[in-house]
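Student: sequence and predicted structure, then a few things I'm wondering about:
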Amino acid sequence: MSASFQAHADATAQIRQAVENHLRAMLEQQAERQGWQGMQLRYETSLPGSAHNHPPCGNSLRVRATGDAPSAMERQQLEIRCADTPGWSLSATAQAHVFLPAVHAAAIIDRGQTIRDSDLKLERINIAKARRGFYNRLSEVVGLAAKRRVRAGQTITPALLEQAMAVKRGEPVKIVASNDGIEASTSGEALGDGQPGEVIRVRNTRSGKVIDAKVLEAGVVSSTF
């Protein structure tokens, strides 16, 4: 290999490394803002044919965006400049592909099911293709409920989830009643689903009486007497 060929190959490698460093810095800032964990990157860089004519730069290459791509994950138009004397500059395009662990269903999740840790798994995806969104942590999903049936292996997206009901129809509940500082509780059965703050019908299992009660939290409703 000639010294000239090696020098130009080294310059091309230097340019590609500078572009990758630029993209990585942009995406690490985005990862920090959004709390991404476990990010892996892959790069695609397109250099003009003239890149092979430039000698290696003795200074650090300067890279700046010249396009208006709003996201670091979109294709970037870049200017690479060498501040040597004499210096040189060229234009290039590049794109970073971001791979993150994303929450998937480990098995079928039925509609209305409250999701547990064991229902989930993490699999790495290219998030640029996750147009419907994704979750990076199991903790973001555990405790929510499925709006519809989720198939095994499916990526969990926000549209698939809703807040789990604090009280579900047919389940036992604790009825808490208070009056003039006196508090009492008894057992009951929910006759409807409810979130905290909602009023549902509840049957007192001791008396058989059906009352309106406000949902306080999971498995607890309140009434006054």
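Tutor: Sure, I can see it.
Student: from here on, just use CA atoms for contacts and neighbour counts.
Tutor: OK.
Student: got the contact list for the spatially most central residue of the chain?
Tutor: In the chain, the residue lying closest to the centroid (C-alpha atoms, centre = their mean) is residue 135, at 3.4 Å. For residue 135, the contact set (C-alpha atoms under 8 Å, 6 or more residues apart in numbering) comprises 102, 103, 141, 156, 157.
Student: just those residues: which are in strands?
Tutor: Using DSSP state E, 102, 103 are the members of the contacts of residue 135 that sit in strands.
Student: which members of the contacts of residue 135 define the maximum pairwise distance?
Tutor: Within these, two members stand farthest from each other by C-alpha to C-alpha: 102 and 141, at 11.0 Å.
Student: as a check, name the ranges of all strands in this protein.
Tutor: Using DSSP E, strands in the chain cover 40-46, 62-65, 76-82, 88-105, 120-126, 144-146, 161-163, 172-179, 182-190, 199-204, 210-217, 220-224.
Student: now for the ones you listed, which one comes closest to residue 56?
Tutor: It's strand 76-82; of those, that one is closest to residue 56 (C-alpha to C-alpha) at 8.8 Å.
Student: how about the closest one as CSV, C-alpha atoms only?
Tutor: What follows is strand 76-82, C-alpha atoms only, in CSV (Å, rounded to 0.1, in the frame of the first residue of the first chain):
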residue,chain,number,x,y,z
GLN,A,76,-28.2,14.9,8.9
GLN,A,77,-26.6,17.3,6.4
LEU,A,78,-23.2,18.1,7.8
GLU,A,79,-20.2,20.3,7.0
ILE,A,80,-16.8,18.9,8.0
ARG,A,81,-14.0,21.4,8.2
CYS,A,82,-10.2,21.0,8.8
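Student: just the angle between that strand and strand 88-105, please?
Tutor: If you take axes from the mean of the first three to the mean of the last three C-alpha atoms, to 10 degrees, strand 76-82 sits at 140 degrees to strand 88-105.
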